[in-house]
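K.L.:
Quick one: sequence plus predicted model below, questions after.
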Amino acid sequence: MYDTIIIGAGMSGLAAGIRLAQFGQSVCILERHDAVGGLNSWYRRGGRTFDVGLHALTNYTPKGARRGPLARLLRQLRLSWDELELAPQLGSAIVFPDTTLRFSNDVELLRSEVHRCFPGEKDNFERLLARLLDYRDFGQPSGRCSAREVLGSIFDEPLLIEMLLCPIMFYGGSREDDIDFDLFSILFRSVFLEGLARPANGVRALLGALVRRFKQLGGELRLRSPVAALLVSHRRVERVILEDGLELRARHVLSSAGWAETMRLCNDAHPPPYRTCISFVESISVLDAQPRELGLELAMVFFNDDQKFRYRRPAQAVDLHSGVVCSPNNFAYRQQPQDGQIRISALANYNRWAELEMEPYRQAKELWYRRLVESAVRFVPDFRRAVVHTEIFTPVTIRRFTGHDDGAVYGAAQKYFSGATPLTNLFICGNDQGLVGIVGAMTSGITIANKHLLAMPEYTP
């Protein structure tokens with residue numbers, strides 16, 4: 001009998017496990033795969049290491065900082081800044097036809113760019129910054145209003161609204177064409193006011209630190225242990241049944257598998273299906289040169305080939321109108337990674353990929369890799385002559401890594417901010433609770449652990 005069983009060893013599940021183990025709970029984390037991290041994991045192929053999911057860590061703060069979500073997170077988990085070896089970005093940009101907004105981890109660059117490109121919006125941009133700095137309504141009904149409508153009430157220039165929404169949606173939008181203003185406020189602060197960084201050794205450095213901390217505290221991690229069912233009686237989960245038939249018991253169950261996916265495990269529940277889900281493809285190009293040697297000096301380039309930004313599931317397999325170009329090399333590492341690398345992400349349609357048989361699926365990956373790169377090099381220097389190895393993953397890959405319906409990268413469109421379910425001892429954390437991204441996911445795990453399993457004051461992002 002455990003105090004808490006956690007389903008899923010992603011960022012939120014590991015953070016929750018550490019938090020609970022710190023306070024003496026017996027905790028078991030069940031992970032269906034043979035590696036931790038969920039979508040934010042890594043693998044090796046041909047002697048090279050590839051991150052899955054991670055572009056950058058948001059909410060960056062320099063070593064020694066005491067304020068901000070990342071600093072609070074490290075304190076809550078009792079992790080040292082040095083364990084992550086975070087390297088800040090060298091600069092990024094939002095690129096639309098005829099207009100580019102550069103930004104960095106210093107908001108003054110974005111401020112000057114807005115003033116330069118949209119001089120009539122100078123005062124309105126200051127109004128937005130002031131409103132976001134004072135925002136405290138996350139998870140409250142007042143925050144669940146349209147970010148597009150709020151921005152429309154602040155700005156007179158539609159193009160500025162589209163350009164500000166582009167990176168925010170790509171880094172946390174779970175529904176089509178809009179986002180709740182409370183999530184917009186958190187993501188804006190995390191990307192533009194705090195900034196982007198990468199661990200020197202990629203996501204494995206962060207995952208390694210989390211797993212070590214969890215095990216040091218006596219936590220139990222079971223890999224290759226998929227959950228088959230949650231047996232419910234009198235509105236409580238009485239037993240957790242694994243696919244190999246093993247039955248486990250716990251006072252509480254905390255799931256990071258997603259709301260619908262978790263409720264589907266319950267023998268007495270019939271969760272509604274997801275609405276239209278947001279998913280991506282991502283290509284990885286390994287280069288025989290550093291990206292800066294080819295003219296690409298930015299860490300991130302968010303691009304869109306029209307004045308209007310459309311964030312929705314495309315009719316075809318991949319939407320080539322917009323995307324994100326990430327260069328993991330363009331961060332201020334003490335020692336530069338040997339291989340150059342460029343990653344490109346774009347919106348994708350899960351159904352178009354899932355309906356393919358094995359050989360057509362392989363051929364489609366090769367075709368859409370070429371098309372995706374052709375789309376991206378309209379906005380960044382053409383790096384194709386330097387490519388020595390390629391990888392691509394699709395919504396089907398995301399479905400396999402995360403278990404999320406339709407390969408939903410950021411979970412369901414509807415969020416469950418309280419983390420509570422209709423069952424008295426079953427709770428959820430992770431994307432469907434409402435916080436997204438790596439720092440957001442870990443914060444979600446801590447929040448729900450504090451609120452429901454430790455009866456501590458709620459942890460506010």
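P.N.:
Thanks, I have it.
K.L.:
what does stretch 355-367 contact?
P.N.:
With contact meaning CB atoms under 8 Å, 6 or more residues apart in numbering, stretch 355-367 is reached by 317, 353, 392, 394, 396. Glycine gets a C-beta too; all of them are placed from N, C-alpha and C.
K.L.:
Please produce JSON lines containing these, extended by distance to Glu176.
P.N.:
Compiled in JSON lines, the contacts of stretch 355-367 are given as follows (distance: CB to CB, whole Å):
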{"residue": "Ala317", "distance to Glu176": "17"}
{"residue": "Trp353", "distance to Glu176": "18"}
{"residue": "Ile392", "distance to Glu176": "24"}
{"residue": "Thr394", "distance to Glu176": "19"}
{"residue": "Val396", "distance to Glu176": "20"}
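K.L.:
Can you flag which of those belong to strands?
P.N.:
Those of the contacts of stretch 355-367 mapping onto strands are Ile392, per DSSP state E.
K.L.:
Now find how far off-centre the lengthiest helix in the chain is within its chain.
P.N.:
Secondary structure of the chain per DSSP state H: the longest helix is helix 358-376. Offset of helix 358-376 from its chain centre (CA atoms, centre = their mean, to the nearest Å): 24 Å.
K.L.:
Pass me the low-pLDDT residue ranges in the stretch 101-250 of the chain, would you?
P.N.:
135-143 (pLDDT under 70).
K.L.:
Which residue ranges of it form helices?
P.N.:
Secondary structure of the stretch 101-250 of the chain (DSSP state H, counting those that start in this stretch): helices located at 107-117, 122-133, 147-154, 158-170, 181-188, 203-216.
K.L.:
And those helices: which comes nearest Ser418?
P.N.:
Nearest to Ser418 among those is helix 181-188 (13.9 Å), distances taken as CB to CB.
K.L.:
Just the CA atoms of the closest one, as CSV, please.
P.N.:
This file holds the C-alpha atoms of helix 181-188, laid out as CSV (Å, rounded to 0.1, in the frame of the first residue of the first chain):
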residue,chain,number,x,y,z
PHE,A,181,-6.0,35.2,-21.5
ASP,A,182,-4.7,33.7,-18.3
LEU,A,183,-2.6,31.1,-20.2
PHE,A,184,-1.5,33.9,-22.6
SER,A,185,-0.3,36.0,-19.7
ILE,A,186,1.8,33.2,-18.2
LEU,A,187,3.3,32.2,-21.6
PHE,A,188,4.0,35.8,-22.5
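K.L.:
Identify the residues contacting Val396.
P.N.:
Counting by CB under 8 Å, 6+ apart, the residues that Val396 touches are 350, 353-354, 361, 407.
K.L.:
Out of those residues, which comes closest to Gln336?
P.N.:
After measuring the contacts of Val396 against Gln336 - CB to CB - the closest member comes out as Gly407, at 32.7 Å.
K.L.:
That closest one: what's its closest spatial neighbour, skipping adjacent residues?
P.N.:
Using CB to CB, 6 or more residues apart in numbering and skipping residues adjacent in sequence, the residue nearest Gly407 is Pro395, 3.1 Å away.
K.L.:
Straight-line length of stretch 64-74, end to end?
P.N.:
Using CA to CA, to the nearest Å, one end of stretch 64-74 lies 11 Å from the other.
K.L.:
Equivalent analysis for stretch 148-167, please.
P.N.:
End-to-end distance for stretch 148-167: 14 Å, by CA to CA.
K.L.:
cool, stretch 246-256 as well?
P.N.:
This stretch, stretch 246-256, spans 20 Å end to end (CA to CA).
K.L.:
Touching it from outside, list them.
P.N.:
Contacts for stretch 246-256 (CB under 8 Å, 6+ apart): 1-8, 10, 12-13, 16, 28, 30, 38, 230, 237-242, 261-262, 425-430, 441, 445, 448-449, 452-453.
K.L.:
List the buried residues in that stretch.
P.N.:
248, 250, 252-256 (16 or more other CB atoms under 10 Å).
K.L.:
From those residues, pick the one nearest Phe188.
P.N.:
For those, the minimum distance to Phe188 (CB to CB) is 24.8 Å, reached by Ser256.
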